[in-house]
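[1] Sequence and predicted model, in that order:
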Amino acid sequence: MISAPAGTGKTTLVDKLTHEFSSVVRNVSCTTRAPRPGEKDGKDYYFFDKKTFQDKVAKGEFLEHVTLFGENYGTSGEFIKKQTAQGKHVVLVIDTQGALQLQKKLKDAIFIFISPPSLAEQKERLQKRQTENTQSMEERLAFAKHELEMVHHYDYHIVNDNLDTAYTVLKSIFIAEEHKVRRTT
């Protein structure tokens with residue numbers, strides 16, 4: 001599980017990991033939010049209307065689901081099951097609410113938190129990516145303060161002040177965990 005405030009670089013880091021290691025896949029989360037420019041259904045997210053999403057919740061199809069900024073997000077249990085059956089390691093890019101839910105369910109999972117070097121830097125990154133309006137950006141920055149307080153719930157913490165360095169740390173965690181013999185549960 002990888003959590004990070006919006007604009008921290010979590011998706012970029014995970015994409016680098018999946019390109020380097022064929023045994024690693026990124027989970028494709030489900031959401032009710034509209035696609036951003038360039039996002040594709042089934043690649044970036046599975047996009048659903050609210051009724052379809054709620055039907056999936058009622059059927060128990062999600063390992064976890066949350067409401068964030070007025071939209072629903074969830075992790076498909078079936079997707080995880082299919083990927084792990086093929087011997088893949090699934091990396092979930094997930095918010096702190098969902099991660100805390102999954103810590104209770106997935107005892108062997110590794111939880112990694114990625115933070116920006118500062119909230120000012122995060123604001124600059126969000127402005128550069130141009131996917132948020134002013135109100136949305138302020139909401140995300142306010143929520144980021146709360147998310148940063150959750151870091152003590154994670155196994156690892158990476159500060160993404162340099163993408164190459166942050167990736168080296170992430171890759172090192174992955175390699176170490178791949179070779180770990182003893183699990184603490």
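    Everything's here; your move.

[2] Flag the shaky bits of this structure, pLDDT-wise.
    130-132, 183-185 (pLDDT under 70).

[3] what about residue 72, which SS state?
    strand (DSSP: H, G, I helix; E, B strand; the rest coil).

[4] Please identify the nearest residue in space to it, excluding sequence neighbours.
    residue 32 (4.4 Å; Cβ to Cβ, 6 or more residues apart in numbering). For the C-beta atoms, the positions are set from N, CA and C on the backbone; glycine is no exception.

[5] next one: residue 25
    residue 88 is the one closest to residue 25 (Cβ to Cβ, 6+ apart), at 4.9 Å.

[6] contacting residues around the one you found?
    Neighbouring residues of residue 88 by Cβ atoms under 8 Å, 6 or more residues apart in numbering: 23, 24, 25.

[7] Against residue 4, how distant is residue 127?
    Applying Cβ to Cβ, to the nearest Å, the value for residue 127 to residue 4 is 17 Å.

[8] More neighbours: the two, which one.
    Taking other Cβ atoms under 10 Å, residue 127 and residue 4 do not tie; residue 4 has more neighbours (25 against 13).

[9] Surely the more buried one touches residue 115?
    Yes - Residue 4 is within contact range of residue 115, at 6.5 Å (criterion: Cβ atoms under 8 Å).

[10] joint contacts of these two?
    Residues touching both residue 4 and residue 115 (Cβ under 8 Å, 6+ apart): residue 160.

[11] Could you pull out the helices in the protein for me?
    Taking DSSP state H, the helices of the chain run over residues 10-20, 50-58, 77-85, 96-105, 119-129, 134-148, 163-178.

[12] so residue 158 makes contact with residue 166?
    Yes - Residue 158 lies in contact with residue 166 (Cβ under 8 Å); the separation is 5.3 Å.

[13] Find the residues that touch each one of those two.
    residue 114.

[14] Looking at those two, which is more packed in?
    Between residue 158 and residue 166, residue 158 has the larger neighbour count (other Cβ under 10 Å), namely 24 against 21.

[15] if I pick the more buried one, what's in contact with it?
    With Cβ under 8 Å, 6+ apart, residue 158 has these contacts: 112, 113, 114, 115, 166, 169, 170, 173.

[16] Quick check: the farthest pair among those?
    For the contacts of residue 158, the maximum inter-member distance is 14.8 Å, found between 115 and 173 (Cβ to Cβ).
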